[in-house]
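Novice: Have a look; sequence and predicted model below, questions after that.
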Amino acid sequence: MANADTPATRWLSHDEQLAWRAYLRAHRELQVALDRDLTGSGLSLPEYELLSMLSEQEGDRARMSVLADLVVQSRSRVTHTAKRLEDRGWVRREPTPEDGRGVALSLTAEGRRTIESAAPTHVESVRTHFIDLLSTEQVSALYDMFAVVREHLVPGTRPDDEVR
């Protein structure tokens, strides 16, 4: 029971609860499906995402902190993923020349071949399990909705305009 100083909880309506749970389940199941489809490439979804983001950076190289922001993972988690990729020879860690204190990750030639080989499988998986299930209008609405959410969570950011 709320006291006079505590605002009452704004519980979700039945329809809001259904929408929230549908989002949670679909998001998790989509990640499982995308991860499963990458297993033939020898990559997990987080590994693919890190290699993919790295391959899109100038010179196939980026600071670890930048990569963590791009893949929306903690720096610690990115460090662990980078270690696995480094052990396979797909990336290498380097000191940043700008200040010498930071660490950058560089994509190796073998890493470039790996991401280029896995990309068609991943794109087909995204199409099969997500994009092709939606109308053009639904895809546009989804972008618009999540742009609002992202702007709320990370004020001042622009929602991936470079890929739109």
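Specialist: Thanks, I have it.
Novice: Skipping its backbone neighbours, what lies nearest the residue nearest the centre of the chain in space?
Specialist: The centroid of the chain falls nearest to V71 when counting by C-alpha atoms, centre = their mean (4.2 Å). Setting aside the residues directly before and after it, V71 is nearest to E49 in space (C-beta to C-beta, 6 or more residues apart in numbering), at 5.1 Å. Bear in mind the C-beta positions are built from the backbone N, C-alpha and C, glycine included.
Novice: May I have the secondary structure class of that neighbour?
Specialist: Per DSSP: H, G, I helix; E, B strand; the rest coil, the secondary structure class of E49 is helix.
Novice: tell me the mean pLDDT for stretch 89-98?
Specialist: Stretch 89-98 shows an average pLDDT of 89 in the prediction.
Novice: got the buried residues for that stretch?
Specialist: Buried residues in stretch 89-98, defined by neighbour count with 16 or more other C-beta atoms under 10 Å: 90-91.
Novice: residues making contact with that stretch?
Specialist: The contact list for stretch 89-98, computed with C-beta atoms under 8 Å, 6 or more residues apart in numbering, reads 51, 54, 61, 63-64, 82, 85-86, 101-108, 110-111, 114.
Novice: Give me the buried subset of these.
Specialist: For the contacts of stretch 89-98, a burial check counting by 16+ other C-beta under 10 Å picks out 51, 54, 61, 63-64, 82, 85, 104-105, 107-108, 111, 114.
Novice: what ranges do the strands span in the protein?
Specialist: For the chain, the strands defined by DSSP state E cover 61-63, 91-95, 103-107.
Novice: Of all the ones you listed, which one is nearest M145?
Specialist: With C-beta to C-beta as the measure, strand 61-63 is the member of the strands of the chain nearest M145 (28.5 Å).
Novice: Output stretch 41-53 as PDB, nothing but the C-alphas.
Specialist: Taking C-alpha atoms only, stretch 41-53 is exported to PDB below (Å, rounded to 0.1, in the frame of the first residue of the first chain):
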ATOM      1  CA  SER A  41      30.100 -20.400 -39.200                       C
ATOM      2  CA  GLY A  42      31.800 -21.100 -35.900                       C
ATOM      3  CA  LEU A  43      30.600 -17.900 -34.400                       C
ATOM      4  CA  SER A  44      28.100 -16.900 -31.700                       C
ATOM      5  CA  LEU A  45      25.800 -13.900 -32.200                       C
ATOM      6  CA  PRO A  46      27.900 -11.700 -29.900                       C
ATOM      7  CA  GLU A  47      31.100 -12.700 -31.700                       C
ATOM      8  CA  TYR A  48      29.500 -12.000 -35.100                       C
ATOM      9  CA  GLU A  49      28.200  -8.600 -33.900                       C
ATOM     10  CA  LEU A  50      31.600  -7.600 -32.600                       C
ATOM     11  CA  LEU A  51      33.400  -8.700 -35.800                       C
ATOM     12  CA  SER A  52      30.700  -7.000 -37.900                       C
ATOM     13  CA  MET A  53      30.900  -3.700 -36.100                       C
END
